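*Asks:* Below are the sequence and a predicted model; questions follow.
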Amino acid sequence: MNSVRIVGGEFRRRVLRFPDSEGLRPTPDRVRETLFNWLGQELDGWHCLDLFAGSGALGFEAASRGAERVVMIEKSPKVLAALHENHELLHKPAAVEIIRGDALQYLASTKARFDLIFIDPPYKKGWISRLEALLPGVMKEDGALYIEAEHEIATLGDWQTIRQGKAGEVHFHLLRRPTA
């Protein structure tokens, strides 16, 4: 089993374990620290969606920092099992909802609206462009996107990159809609 630690909030220093799985690359500690510096350390009242939950690092980190609701979507049965084990390890925070499913199907079927969506899909599979048309239907007007990709992203639909960084081969971005 691989592991990653939660870097801030209520579950700080807790270790999450997850199996090897094709395309699974947990967001490194340093990148998550940077992201939550950009967002603010506390996400009190936020509704977050982790579309490719994988290790759960982003979703559990958001819950640790006070998000009111964190929906984690994962398709792989063995990775999903690890997410449930980590949820148990953290004493089943009520804010966290783990769903076995496909990111596109979830976006097309949900009525929920989110303040923040984490998008860290397997690389070189065209996921980001396939998600683009469905994102406006699930985002709050002032919502933000966090995207990890193998390349830089300047815009995605109405959203523009406002902060970005690079760690190794990973480009990470925070995108928001321009305010009128």
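*Replies:* Arrived safely. Numbering: from 1, shown residues only.
*Asks:* for the longest strand anywhere in the chain, packing partners?
*Replies:* Secondary structure assigned by DSSP state E gives strand 139-149 as the longest strand of the chain. Judged by 3 or more CB pairs under 8 Å, 6 or more residues apart in numbering; DSSP states H and E, strand 139-149 is in contact with helix 29-39, strand 114-119, strand 170-176. Yep, even glycine has a C-beta here, placed from its N, CA and C like the rest.
*Asks:* tell me the SS of residue 48?
*Replies:* Classification of residue 48 by DSSP: H, G, I helix; E, B strand; the rest coil places it in strand.
*Asks:* and the gap between it and residue 70?
*Replies:* According to CB to CB, to the nearest Å, residue 48 and residue 70 sit 5 Å apart.
*Asks:* OK, contacts around residue 27?
*Replies:* 4, 35, 55, 57, 58, 120, 148, 172 (CB atoms under 8 Å, 6 or more residues apart in numbering).
*Asks:* give me the number of residues near residue 146?
*Replies:* Applying other CB atoms under 10 Å, we find 24 residues neighbouring residue 146.
*Asks:* now do the one 3 residues further on
*Replies:* Residue 149 is flanked by 18 other residues according to other CB under 10 Å.
*Asks:* in which helix or strand would I find residue 130?
*Replies:* Assigning secondary structure by DSSP states H and E places residue 130 in helix 127-132.
*Asks:* now residue 12
*Replies:* Short version: residue 12 belongs to no helix or strand, going by DSSP H and E.
*Asks:* What's the separation between the residue most central in space within the chain and residue 26?
*Replies:* Among the residues of the chain, residue 118 comes closest to the average C-alpha position under CA atoms, centre = their mean, at 2.9 Å. Look at residue 118 and residue 26: by CB to CB, they are 12 Å apart.
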